[in-house]
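Novice: any chance you can model this:
(2 chains)
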Amino acid sequence: MIFLDNLINGLSLGSIYAIIALGYTMVYGIAKMLNFAHGDVIMVGAYVAFCGLQYWGLPPVVAILASMAICTVLGITIEGLAYRPLRQAASLAVLITAIGMSYLLQNVALMIWGANPKSFPPTFINSTTFRLGQLRVSSATVITILANIVIMVSLTLFTAKTKMGKAMRCVSEDRGAAELMGINVNRTISVTFAIGSALAAIAGVLLCSSYPILQPTTGSMPGIKAFTAAVFGGIGSIPGAMLGGVLLGVIEIFGKAYISTELGDAIVFAVLIVVLLVKPTGLLGKPVREKV
Amino acid sequence: MKKLFAMMLVVCMLLTGAAALADEPITLRVAHIGPTTGAAALYGLATLHGAEVAVAELNASDSPYHIELINEDDEHNVEKVINAYNAALDAGAQMILGTTTSKPCEAAGAQGYTDRVFFLTPSASAPAVTEDKDNVFQICFNDPNQGLASAQYIADHNLGTKIAVIYNNADVYSTGIRDTFVAEAANKGLEIVSETTFTDETTDFSVQVADAQNNGAEIVFLPMYYTPASLILKIAANKDYHPVFFGVDGMDGILSVDGFDTSLAEGVMLLTPFVASASDEKTVNFVTKYQEAYGETPIQFAADAYDGIYILAAAAEKAGITAEMEPEEVCDLMIAAMQEIAVEGLTGSMTWDESGAVSKTPMAATIINGEYVFE
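Specialist: Coordinates of the predicted model:
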């Protein structure tokens, strides 16, 4: 029973990591850059939803849609202002810009919403607890896991079937060739950021529904864990992000429950190191052949 | 006749001198240092505002000492606190009311020990704040005393015997209280059935709460600030687990978190010397003025800092501090005076010994209908 309880907690935490990891992995797969500001877009998404619910009195669904819309605009703006001008620059320059963007977002949030933590109000997402015998499962857990599955399936279908999805895969494979074939690379990357940021808003709401404390730094640790999950699963791979996220959550909870609460995070990163030593491209990553 | 005249002259001079003293109070320059921005801003703003209320009161009274308050922000950061401390001295501060939080206070207090600057901290409660430093005094309990007092309170009031402890092992505040709590619990016949940890980055407390629940803890002791505590309360509610949660001064403030569902905190107890809803004259006076000025109900940190201003004025009077004295000179005089004074403040009757730690009786409040109440 305790095992099952831990497993469910792990799946719930892992699903949140997975949704965040999808954002990292999509942007990396297509734009070949690490968007370290992704965790902070999650925080902004959560704050917008918080304002919608707490101050503007919006119904939860509208608040979430508003949060997605604002994050989408934010994602496109960040990409257009900070990353697009650096498209031809060294990847290190883009990486540092992304880290700078992350701090910028945190400090702007600090300015707008202040340092006092906010408590995310209860919504339909976390209002009920299901009972299965002795087991108690919060509706937030169920919704998070379901949302994760729905998002992964729709993203996979989107990249496989739609025109824009195909364009994304082309850009991912060979940006120069894609451009020669008449694909608008800038627009494709913008759309990638838009989708990633909308997902970030959903992740922010789900994160704060399960763990209802909201601060300007709320996104940073889950962001780092999710980035780890994306690398763990094989960065660039959508099912990989899902698998990596869920495994990371389960390992974290099991490590804390059965080994030591003091070593929970250390265990997570130790597992990552072992996996990368054995399989450097991550669990589902594609090996990259270097042509000489 | 000449002699008599001379004596009268002397008496006159003394009288006018005394009159001049009473007419023109001495203005002390006191620097408040605390995190008025950043993650711990709730505490820093509380101590600043509490001190401001006391300063306004003091300066309007006929007290022989008035205070000019200088404020410096340390952002709850051990590097920035040194800048804040230097800025305070540059601005002419003679003594420090601060710092608000423990880690920065350790750093600034040590620098003050070298430079000979007097510190009176309202709320930094780690033992390291006063350890090996004669220049730092505390208004709140230090952590060992908070853990000790909590265990005593729980045993004396028969709240339960099976106890779970969840603490932040990355934080001196949390580990300090936990250590003495666990030691004193053994003396008092309390059984620790579950002990789990977390760090500043932890968001998921399901394992810690489940461990307490599965081991049948009747009391969950939470030596931590309110942010993680609110997550623990939420998880416990999800799991239908309703023990007595017992917190320390860091729990104070949980009810003012924006959007917090206060029903989660119903029945939570915390060790605190101050409750804003208490009906004694001093509390009512302070709370009314604080609410008028800042539109908020003061937390314990504000009350501590309010007392701090009066303690500084009392000690300065005892020591005979003047406005011209340099911080080095003030420091030694204040250290001696602190051990002689007894202050009847908002937060209790206080005396100090040479260690810098305060002595006062522990009190615990319970959260009932979204209010802190003394039972």
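Novice: correct me, but B:Thr347 touches B:Val275?
Specialist: No. Taking contact to mean CB atoms under 8 Å, the distance of 10.3 Å between B:Thr347 and B:Val275 leaves them out of contact. (Glycine included, C-beta is placed from N, CA and C.)
Novice: and the residue of the stretch 251-375 of chain B nearest chain A?
Specialist: With CB to the nearest CB as the measure, the residue in the stretch 251-375 of chain B that lies nearest chain A is B:Phe260; the distance is 3.7 Å.
Novice: and the closest residue to that residue other than its chain neighbours, what does it touch?
Specialist: The shortest distance from B:Phe260 to any residue other than its chain neighbours is 3.7 Å, reached at A:Ser119 (CB to CB, 6 or more residues apart in numbering or on different chains). For A:Ser119, the contacting residues are A:212-214, B:230, B:257-261, by CB atoms under 8 Å, 6 or more residues apart in numbering or on different chains.
Novice: dihedrals phi and psi, A:Ser119?
Specialist: Geometry field for A:Ser119 lists phi and psi as phi -100, psi 120, criterion degrees, to the nearest 10.
Novice: can you tell me the helix or strand for A:Trp56?
Specialist: Using DSSP states H and E, A:Trp56 sits within no helix or strand.
Novice: for it, which non-adjacent residue is spatially closest?
Specialist: Taking CB to CB, 6+ apart, and ignoring the residues beside it in sequence, A:Trp56 has A:Ala63 as its nearest neighbour in space, at 7.7 Å.
Novice: repeat that for B:Ala185.
Specialist: Nearest-residue entry for B:Ala185: B:Ala151, 4.8 Å, with adjacent residues in sequence omitted and distances by CB to CB, 6+ apart.
Novice: cool, B:Phe198 as well?
Specialist: Among residues not flanking B:Phe198 along the chain, B:Asn168 sits closest, at 5.7 Å (CB to CB, 6+ apart).
Novice: residues near A:Pro280, how many?
Specialist: Neighbour count of A:Pro280, defined by other CB atoms under 10 Å in any protein chain shown: 11.
Novice: ok but it is inside a strand, no?
Specialist: No. Going by DSSP: H, G, I helix; E, B strand; the rest coil, the assignment for A:Pro280 is coil, not a strand.
Novice: and it, how far from chain B?
Specialist: Separation of A:Pro280 from chain B (CB to the nearest CB, to the nearest Å): 27 Å.
Novice: relative to B:Asn238, how far out is that residue?
Specialist: Between A:Pro280 and B:Asn238 the distance is 39 Å, computed by CB to CB, to the nearest Å.
Novice: isn't B:Gly247 up against B:Ala265?
Specialist: No. With contact defined as CB under 8 Å, B:Gly247 does not reach B:Ala265; the gap is 9.5 Å.
Novice: more crowded one of these two?
Specialist: Legend: neighbour count by other CB under 10 Å for B:Gly247 and B:Ala265, higher for B:Gly247 (28 against 23).
Novice: how about the contacts made by the more buried one?
Specialist: Under the criterion of CB under 8 Å, 6+ apart, the neighbours of B:Gly247 are B:221-224, B:226, B:229, B:254, B:268-271.
Novice: returning to that earlier point: show me whatever sits in contact with both of B:Gly247 and B:Ala265.
Specialist: Between them, B:Gly247 and B:Ala265 have B:Ile254 as joint contacts when contacts are counted by CB under 8 Å, 6+ apart.
Novice: residue 225 - how many residues pack around it?
Specialist: Since you didn't name a chain, this refers to chain A. With neighbours defined by other CB under 10 Å, the count for A:Lys225 comes to 27.
Novice: if you could check chain B rather than the one you did, that'd help
Specialist: Other residues lying near B:Tyr225 total 27 when counted by other CB under 10 Å.
Novice: how about it: what's its closest non-neighbour residue?
Specialist: Spatially, and ignoring its direct neighbours in sequence, B:Tyr225 is nearest to B:Gly250 (4.0 Å; CB to CB, 6+ apart).
Novice: doesn't the one you found fall inside a strand?
Specialist: No. Under the criterion used here (three-state DSSP), B:Gly250 is helix, not part of a strand.
Novice: ok, it to B:Leu270 distance?
Specialist: 9 Å.
Novice: B:Ala149 is in contact with B:Ile177, correct?
Specialist: No. In this structure B:Ile177 lies outside contact range of B:Ala149 using CB under 8 Å: 9.7 Å.
Novice: please say which of the two ends up with more neighbours.
Specialist: The residue with the greater number of neighbours, taking B:Ile177 and B:Ala149 and applying other CB under 10 Å, is B:Ile177; the counts read 34 against 22.
Novice: who's in contact with A:Gly10?
Specialist: For A:Gly10, the contact set (CB under 8 Å, 6+ apart) comprises A:249-254.
Novice: quick one: which helix or strand includes it?
Specialist: A:Gly10 is located in helix A:2-31, with elements delineated by DSSP H and E.
Novice: now that helix: average pLDDT?
Specialist: Mean per-residue pLDDT for helix A:2-31: 89.
Novice: and that helix, what's buried?
Specialist: Buried residues in helix A:2-31, counted by 16 or more other CB atoms under 10 Å in any protein chain shown: A:5-6, A:8-31.
Novice: the stretch 151-292 of chain A: strands as residue ranges?
Specialist: A:213-214 (DSSP state E, counting those that start in this stretch).
Novice: ok, back up a step: is it true that the residue nearest to B:Ala185 touches B:Phe181?
Specialist: Yes. The pair B:Ala151 and B:Phe181 passes the contact test of CB under 8 Å, sitting 5.2 Å apart.
Novice: give me the more crowded residue out of the two.
Specialist: Taking neighbours as other CB under 10 Å, B:Ala151 and B:Phe181 compare with B:Phe181 leading, 29 against 23.
Novice: grab the nearest non-local neighbour of the more buried one.
Specialist: For B:Phe181, the closest residue by CB to CB, 6+ apart turns out to be B:Gly147, at 3.5 Å.
Novice: on the three-state scheme, that neighbour is what?
Specialist: Three-state secondary structure (criterion: three-state DSSP) places B:Gly147 in helix.
Novice: what of B:Lys289?
Specialist: Bear in mind the rule, three-state DSSP; under it B:Lys289 is helix.
Novice: ok, and the closest non-adjacent residue to B:Cys105?
Specialist: B:Ala124 (3.5 Å).
Novice: output the below-cut-off pLDDT ranges for chain B.
Specialist: For chain B, residues meeting the criterion pLDDT under 70 lie at B:1-23, B:375.
Novice: for chain A, what are the nearby residues on it?
Specialist: Selection of chain B residues close to chain A by CB under 8 Å from any CB of the partner chain yields B:37-42, B:169, B:196-199, B:201-204, B:206-208, B:210-211, B:214, B:227, B:230-231, B:234, B:238-240, B:256-261.
Novice: and the residues you listed, which of them are buried?
Specialist: Buried residues within those, counting neighbours by 16+ other CB under 10 Å: B:37-42, B:196-199, B:202-204, B:206-208, B:210-211, B:227, B:230-231, B:234, B:238-239, B:257-261.
Novice: let's see which of these end up in strands.
Specialist: The strands, defined by DSSP state E, take in B:196-198 from those.
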